[in-house]
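1. Structure here, sequence nowhere to be found:
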């Protein structure tokens, strides 16, 4: 193997690293589904992108004001971003975050995405091997953002998927849990430098109340922790009765020098490919240190001009983009929610973000990762809980901000296999003995599981019961492991093995 | 001081870091000279940018094909760059580098500038504290590119500014010097992983012959070193009689798996603000590892589209941009060369790149850095040899790719102070004793040095001789140190002190 020869240890470790989110995306990016050009391609319900507003964006981004070229845009610029853009961002955030006083352009840093901002902030507030607290589940790619370059570790504060008291709710973050997490991290000898909060949350789509957020900020102040608040979904709240409160709206922050707020265009303006993230912080030391790293994360001058044009076009934002975007998101969310309900899948119902956090524990025979892989083999990328470090396996994130016909969950083979119908259960019941040879059994399993109708999940238990009965009435299954015969879908064997394992217990 | 409180050790060290190139640029970027808007601003002859072709670029970049929006451009993309762009880059490099076989798109990585590529390559071929060989002088910012994130050290191979044999020339790189440098690095206990070569060279504007380059590549192969060849000036050769030979034109590379070629749009297309750099390598391990870091260095989809449009427009490149750009560069180079000659400043005469490497050792009273600062105080950014780790102080890089009236060196106060005219020398000769009080002496020095005419430099020696004579004929200068009186230009005092110091020797 050539591997160890050319790269350093660090390089080989980077090369071999592959997160679950990346794995799905890597397959998707070279084989994207397209209605006409590539109808056999991969549908991506895994990457959090808003695909509902390209018509609106097309119209705005091809407006002649976008095609502006000025020598200074073609030259090296301030590594924090052009002054004109930082001014526009400060005004934009002042307005949409309802800051009590105008925010200052000099406190703004613009980089090519929040990925880069996470990396840089970690590099300058942490030394290698230091840690940052984060409640789980969370958008798992932050792990790589902090680790690949900056060698900073995330220390997880697990949130339980079950409500644990009368004021509690699923995945409820409390100061008590943060205190406990910090204590554990210290016991493990880690130097904890910060807390990361996402509001609205990814993947929970949770919005913290101002009181909750203030309590988290006070917790950070008490413990001299920086707090990095990621508000990239702040304008993606599609129920008018629900309000989002930015940290930048807080009149008197507990520890302004350690409070850093991130935002970007990827989610709220459906422009993830434009690669623009912003940071707002009053901490001059941090700003100076980030400026040093800015040249690695710079944004083209022409893009900075376009983003400035977009963000200062209040009429377009308020009258056209935001209302229509919210309307479409709400409709898509409702559609996916309906699909989930019809399949008996429970989920967190939150009127924000681009995804739904759903509980598939009762709806699958498989381990979470195997289910995820099965979806991928069937050309659907999802994001599984493991990618978000969820402490309870079986949760998935479904991105709904896409055309309706991509969201028809019932069309996806894995659902049809994992939610056996009453009919198939009956079929199995009819077979008691003798046990057929593996190949034919697998074939029958295929018939059995690949039914079209999605039915309630009680049948799963009866399926396992029947199989258990078969095992007892014949010694073949007890002594043998089914094998795959030529031409069979390996997934079918996996399903059968999983069934068998449960039946043997 | 708040400094140590908020940032980590790494962060504080990053924050406090400031290279000479950065220092000049930081002042320039907030106070750019403009003929009408800011005539008191800073003229930048320090940053290697081509400011001669904005009319051509404006015309091409505002062409309607640049304003193309497609959903995939607005979405997350392949971290190595969109496939369509990598195809165009491969075709472009195949053609302009005269590769014996078509280059492959899968061997191309696109990032937001060569700064990012240097950082990433260092991260994956080196472990922290490993070293990379580089001949000096070199474009000094590479030091930060390799160090800030990736903690990789450059090991210098100093080149002498004097020719040292009949086949030699100033700053002559030979395999012998590389062998010697590598030996020294190993003796110091360093793990050397690579050699960086720039061709055409920055700041020497040197073009290696194919034979020289092949010998360097063989040196690397013998020593199992990667070689990173930076060819960002490959199309910036403005004398038709001189040919540049890309490493990608070599029929049979000594060690293709360790040969990595960088190019970008900053120099050859005068688009440093567009932030696009490319790497070509056959090493799959390296490509895979770089893909992991790509998300930190991504280029907007819309910019990728524009760059692809530009690079595949052969008609525009060959018929319009390149010939006119070369013509203008040649004229600007001639003009600057003339200015230097008229001031008695010697320089390397090379028909490539955007700058001239000039020897100011005979033309200044000051230490190099003090001269550099003096220029900056007088609103001219230059790049001094120290910024390029030149082993002999006194060399400066003058960027000539700018409007002629910015290149009138005679207008710059520091030149008028450091190249005393015969008249001023005569003036000094007239003064023998008594020695005046400091303030008036400084005032007279001002008159003395701030003359308009630029004359040959012999007068410098006679100036010092006269001063020495004054010291001997009076004990005032021996016993006292001149002080600055209110309202005087501190620079004048510096000049006088420098004169004095030389005279005392």
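-> That came in fine, so what should we check first? Being a predicted model, the structure only gives us computed values, none of them experimental.
2. Strands along the stretch 201-350 of chain A, start to end?
-> A:226-230, A:259-264, A:277-281, A:346-347 (DSSP state E, counting those that start in this stretch).
3. Run through the strands of the stretch 51-200 of chain A in chain order.
-> Under DSSP E, counting those that start in this stretch, the stretch 51-200 of chain A gives strands at A:108-111, A:131-136, A:153-158, A:192-198.
4. To residue A:238, which of the strands of the stretch 201-350 of chain A lies closest?
-> strand A:346-347 (15.9 Å; C-beta to C-beta). In short, each C-beta sits where N, CA and C put it, glycine included.
5. Just the pLDDT at the nearest residue to residue A:54 once chain neighbours are set aside, thanks.
-> Among residues not flanking residue A:54 along the chain, residue B:71 sits closest, at 4.7 Å (C-beta to C-beta, 6 or more residues apart in numbering or on different chains). Listed pLDDT for residue B:71 reads 94.
6. before we move on, what about residue A:438?
-> 38.
7. still on that earlier bit, where among the strands of the stretch 201-350 of chain A is average confidence lowest?
-> For the strands of the stretch 201-350 of chain A, mean pLDDT drops lowest on strand A:346-347, to a mean of 95.
8. circling back: mind putting the strands of the stretch 201-350 of chain A into JSON lines with distance to residue A:59 and mean neighbour count?
-> Below are the strands of the stretch 201-350 of chain A laid out as JSON lines (distance: least, C-beta to C-beta, whole Å; neighbours: other C-beta atoms under 10 Å in any protein chain shown):
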{"stretch": "strand A:226-230", "distance to residue A:59": "29", "mean neighbour count": "24"}
{"stretch": "strand A:259-264", "distance to residue A:59": "22", "mean neighbour count": "25"}
{"stretch": "strand A:277-281", "distance to residue A:59": "24", "mean neighbour count": "25"}
{"stretch": "strand A:346-347", "distance to residue A:59": "34", "mean neighbour count": "17"}
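9. Quick one, which of the ones you listed gets closest to chain B.
-> strand A:226-230 (7.6 Å; C-beta to the nearest C-beta).
10. now residue A:291: how far from residue A:111?
-> Distance, residue A:291 to residue A:111, by C-beta to C-beta, to the nearest Å: 11 Å.
11. Which residue of these two possesses the greater neighbour count?
-> More crowded of residue A:291 and residue A:111, by other C-beta atoms under 10 Å in any protein chain shown: residue A:111, with 29 against 19.
12. Look up which residues are beta-bridged to that one.
-> Beta-bridge partners recorded for residue A:111 (DSSP bridges): residue A:277.
13. if I look at residue A:176, how far off is chain B?
-> According to C-beta to the nearest C-beta, to the nearest Å, residue A:176 and chain B sit 27 Å apart.
14. burial of that residue, as a residue count?
-> Residue A:176, neighbours per other C-beta under 10 Å, totals 9.
15. With residue A:84 instead?
-> Using other C-beta under 10 Å: residue A:84 sits among 16 other residues.
16. ok, now the one 4 residues further on?
-> Residue crowding around residue A:88 was assessed by other C-beta under 10 Å; the count is 22.
17. mind listing what the residue nearest to it when sequence neighbours are not counted touches?
-> Using C-beta to C-beta, 6+ apart and skipping residues adjacent in sequence, the residue nearest residue A:88 is residue A:308, 4.4 Å away. The contact partners of residue A:308, by C-beta atoms under 8 Å, 6 or more residues apart in numbering or on different chains, come to A:82, A:84-85, A:88.
18. tell me the phi and psi of residue A:348?
-> phi -80, psi 120 (degrees, to the nearest 10).
19. Check which helix or strand the residue lying closest to it once chain neighbours are set aside maps to.
-> Excluding its sequence neighbours, the residue lying closest to residue A:348 (C-beta to C-beta, 6+ apart) is residue A:357, at 4.7 Å. If you go by DSSP states H and E, residue A:357 is part of strand A:355-359.
20. List the contacts of the residue nearest to residue A:348.
-> Neighbour list for residue A:357: A:137, A:203-205, A:347-348, A:350, A:395-397 [criterion: C-beta under 8 Å, 6+ apart].
21. go on, residue A:39?
-> residue A:33.
22. if I look at it, how far off is residue A:378?
-> 14 Å.
23. what's the closest of the contacts of residue A:308 to chain B?
-> Closest to chain B out of the contacts of residue A:308 is residue A:82 (9.1 Å), distances taken as C-beta to the nearest C-beta.
24. residues contacting the closest one?
-> Contacts of residue A:82 by C-beta under 8 Å, 6+ apart are A:72-73, A:110, A:301, A:304-305, A:308.
25. hmm, which two among the contacts of residue A:357 are most spread apart?
-> Farthest-apart pair in the contacts of residue A:357 is A:350 and A:396; separation 15.1 Å (C-beta to C-beta).
26. ok, longest helix in chain A?
-> Looking across chain A with DSSP state H, the single longest helix is helix A:322-342.
27. What helices and strands are in contact with it?
-> When contacts are defined as 3 or more C-beta pairs under 8 Å, 6 or more residues apart in numbering or on different chains; DSSP states H and E, helix A:322-342 packs onto strand A:346-347, strand A:355-359.
28. Tell me what angle it forms with strand A:355-359.
-> In terms of direction (axes from the mean of the first three to the mean of the last three C-alpha atoms, to 10 degrees), helix A:322-342 departs from strand A:355-359 by 20 degrees.
29. and residue A:96, what is it in contact with?
-> Listed by C-beta under 8 Å, 6+ apart, the contact set of residue A:96 reads A:234-235, A:246.
30. Which one of the residues you listed sits in the busiest neighbourhood?
-> That'd be residue A:234 among the contacts of residue A:96, by other C-beta under 10 Å, with 23 neighbours.
31. how close does the one residue sitting closest to the centre of chain A sit to chain B?
-> Nearest to the geometric centre of chain A sits residue A:139, at 4.5 Å (C-alpha atoms, centre = their mean). Distance, residue A:139 to chain B, by C-beta to the nearest C-beta: 13 Å.
32. neighbouring strands for the strand holding residue A:357, and are they parallel or not?
-> strand A:346-347 (antiparallel), strand A:395-399 (antiparallel).
33. Following the chain past that strand, name the next helix or strand.
-> Proceeding N to C from strand A:355-359, the next assigned helix or strand is helix A:368-377, under DSSP H and E.
34. which of the residues in that next one are buried?
-> Across helix A:368-377, burial judged by 16 or more other C-beta atoms under 10 Å in any protein chain shown covers A:368, A:370-376.
35. I'd like to know how many residues surround the residue in the stretch 51-200 of chain A positioned nearest to chain B.
-> Here the stretch 51-200 of chain A gets closest to chain B at one residue, residue A:124, 3.3 Å apart by C-beta to the nearest C-beta. Other residues within reach of residue A:124, judged by other C-beta under 10 Å, total 27.
36. Which residue, other than its chain neighbours, is closest to it?
-> residue B:11 (3.3 Å).
37. Return the distance of that neighbour relative to residue B:408.
-> For residue B:11, the distance to residue B:408 (C-beta to C-beta) stands at 43 Å.
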